[in-house]
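> what's the 3D shape of this:
(one chain, ligands or ions: 1)
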Amino acid sequence: MKDWFTFVYKLCRKGSPPASSSVKDWLAIGSVISLWEGGGDVVEFGVYQGGTSAILSKICALRNRRLFLFDSFQGFPNLQEYSLGDEVLQDRHTALPYRASIERAKQTVEKYGEPDVVTWVPGFFSETLPKQVEPEKICVAYVDVDLPLSQKEAYEWIWPRLIPGGFFFTHEVPTALKHKTYDLTNLQVLSRSMGVIQKKVS
Ligand SMILES: C[S@@+](CC[C@H](N)C(=O)[O-])C[C@H]1O[C@@H](n2cnc3c(N)ncnc32)[C@H](O)[C@@H]1O
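The predicted structure is shown next:
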């Protein structure tokens with residue numbers, strides 16, 4: 001845990017990688033990974049330029065965990081279909097398409113993170129997830145994919161693999177609450193955009 005905070009502290013002083021998530025978000029997810037004592041791997045859905053992935057790779061390396069990164073690496077899928085009729089979202093993402101190549105994301109992870117712990121899963125979720133086997137067990141998931149249908153695809157693949165007690169973080173609180181494409185009963189809202197659901201231990 002101490003190593004993790006030293007790393008974040010130094011990062012804040014030196015300048016952090018480009019990302020849409022903030023240091024506050026990284027601290028929340030990183031602390032949970034740091035404190036998790038059970039098994040399982042970490043996944044991030046929605047990588048873009050790899051800024052958050054680099055940070056997560058660092059904490060995964062410190063805790064000896066694997067990190068799986070899922071993204072098309074060519075921006076969003078069909079905006080009209082995946083926005084579920086939400087014109088505000090559609091317009092926002094037409095203006096800002098979050099398109100970055102896998103080479104760009106790899107450069108960021110190499111510069112700021114620990115590439116050795118990373119497995120890259122490039123492609124649209126609708127194509128990659130049906131044949132994706134690993135990881136079979138997930139302890140922490142971070143989903144930052146903006147569009148409601150992308151959130152649904154990610155959630156439906158992650159949830160059965162999430163270990164009881166494990167954490168599902170979303171960077172999409174307003175969209176998730178508006179479109180309700182998955183079960184939000186136990187969502188804890190951490191900030192305007194960040195929320196977390198801990199899977200119940202039955
Ligand atoms: C907001 S960006 C992620 C930002 C990143 N987490 C960060 O902290 O900088 C959203 C990403 O989700 C990806 N994405 C959204 N829907 C997707 C889908 N259905 N399949 C694959 N990638 C998707 C886009 O390609 C984009 O890179």
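
> average pLDDT for stretch 88-97?
On average, the pLDDT along stretch 88-97 is 91.

> interface residues of this structure facing the ligand?
Neighbours of the ligand within the chain, by Cβ under 6 Å from any ligand atom: 19-21, 46-48, 51-52, 71-72, 75-77, 98, 124-125, 144-147, 150, 153. C-beta: built from backbone N, CA, C; applies to glycine.

> what's the PyMOL syntax to select whichever of these are buried?
A single PyMOL command selects the buried members of the residues of the chain next to the ligand (16 or more other Cβ atoms under 10 Å):
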select buried, resi 19+20+21+46+47+48+51+52+71+72+76+77+98+124+125+144+145+146+147+150+153
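
> okay, and which of the residues of the chain next to the ligand map to strands?
When DSSP state E defines the strands, the subset of the residues of the chain next to the ligand inside them is residue 71.

> next secondary structure after the helix or strand bottoming out on mean pLDDT in the chain?
Lowest by mean pLDDT, DSSP states H and E among the helices and strands of the chain is helix 2-14, with a mean of 70. Later in the chain than helix 2-14, the nearest helix or strand by DSSP states H and E is helix 23-35.

> give the other helices and strands that that following helix contacts.
When contacts are defined as 3 or more Cβ pairs under 8 Å, 6 or more residues apart in numbering; DSSP states H and E, helix 23-35 sits against helix 2-14, helix 51-62, strand 138-143, strand 162-170.
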